[in-house]
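[1] can't give you the sequence, but here's the structure:
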């Protein structure tokens, strides 16, 4: 782990009875970056995060946040982090201002400093005109922005965001992205989970994907997409299962996965050279082609490639 790492996880393991939720993972988050931690339901993502924020005890391994050991100094860890949970955790009968004021008092922020921060943050998330509105009357997007402002009130070194834009409309999602970037540019490290792969791609400096309790790959968004090759061919045929078998024998085809929309064919060579071979091989097998598109790999392609397509139950 490097001197610039603000989160260090080394050989982390955690079990629930006989279930191995986390199986010896190691990763680091650099100070000042936006880091996305991705994984299917039950992959071990939530267990790992709950250990980082001290909601679960450390069983085996070493975890440090901003220089503090989560096992020996959990209180110090809590003092340097902010958390925005996926589920709404707002008192519906408090006003926007009261929500912020109450949170600041809990953390012992002096009165004058507390109110300066509240004014500044409500302006940043554009809720200053709503300061006397009860939270139960806010829209979903406003509630999310209020939770982000509350998480920032203590000026955390690390802000944990769990699905920060879940259920928001596209316009509100983009505004929340802007707030996240502003927070990061002001010096706060962001540790984020999301099921929106576009969001991870757009915001993240680096990404780690966990599955079945293990880190399967880490890197920048571009590095992860480049592992799939230069291009992906999206192919729809009148017999996708047979087409998949045929294509697995084509030179430069690295993998073929099925989806409700057809086949995703990852290739190692330049798509413009490989595509005619793919089309000829499928047609030569007597399989009709309904549609064909050539695109660069997306984070959705990366996620599915490394975690598979099977549905997962929650947990872990």
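    Now that the structure is in, tell me what you want to look at. Since the model is a prediction, treat every value here as computed from it, not as a measurement.

[2] just the strands in the stretch 151-300 of the chain please.
    For the stretch 151-300 of the chain, the strands defined by DSSP state E, counting those that start in this stretch cover 158-162, 189-193, 206-211, 214-219, 231-237, 253-259, 262-267, 289-295.

[3] Who are the packing partners of the fifth one?
    Contacts defined by 3 or more CB pairs under 8 Å, 6 or more residues apart in numbering; DSSP states H and E place strand 231-237 against helix 240-247, strand 262-267, helix 271-284, strand 289-295. Every residue, glycine included, has its C-beta placed from N, CA and C.

[4] Now distance to residue 73 too, for these, in JSON lines please.
    Formatted as JSON lines, those follow (distance: least, CB to CB, whole Å):
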{"stretch": "helix 240-247", "distance to residue 73": "52"}
{"stretch": "strand 262-267", "distance to residue 73": "45"}
{"stretch": "helix 271-284", "distance to residue 73": "52"}
{"stretch": "strand 289-295", "distance to residue 73": "48"}
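
[5] okay, and for the stretch 201-316 of the chain, where does confidence drop off?
    Across the stretch 201-316 of the chain, the ranges flagged by pLDDT under 70 are 269-272, 309-316.

[6] about what we covered before: so for residue 119, which of the strands of the stretch 151-300 of the chain sits nearest?
    Counting by CB to CB, residue 119 lies closest to strand 158-162 out of the strands of the stretch 151-300 of the chain; the figure is 19.7 Å.

[7] How far away from the center of its chain is the closest one?
    10 Å (CA atoms, centre = their mean, to the nearest Å).

[8] Which secondary structure elements does it sit against?
    helix 45-52, strand 81-84, helix 140-152, strand 189-193.

[9] Present these as TSV; the columns should include mean neighbour count.
    Formatted as TSV, the helices and strands packed on strand 158-162 follow (neighbours: other CB atoms under 10 Å):
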stretch	mean neighbour count
helix 45-52	21
strand 81-84	22
helix 140-152	22
strand 189-193	23
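
[10] now these as JSON lines including mean pLDDT and distance to residue 108?
    Below are the helices and strands packed on strand 158-162 laid out as JSON lines (pLDDT from 0 to 100; distance: least, CB to CB, whole Å):
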{"stretch": "helix 45-52", "mean pLDDT": "96", "distance to residue 108": "23"}
{"stretch": "strand 81-84", "mean pLDDT": "91", "distance to residue 108": "15"}
{"stretch": "helix 140-152", "mean pLDDT": "89", "distance to residue 108": "15"}
{"stretch": "strand 189-193", "mean pLDDT": "96", "distance to residue 108": "23"}
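
[11] mind checking the longest helix of the chain?
    helix 170-185 (DSSP state H).

[12] Let me see the contact set for the residue nearest to the spatial centre of the chain.
    Among the residues of the chain, the one closest to the centroid is residue 193, at 2.9 Å (CA atoms, centre = their mean). Residues near residue 193 by CB atoms under 8 Å, 6 or more residues apart in numbering: 36-38, 45, 49, 161-163.

[13] go on, residue 195?
    Residues counted as contacts of residue 195 (CB under 8 Å, 6+ apart) are 163, 166.
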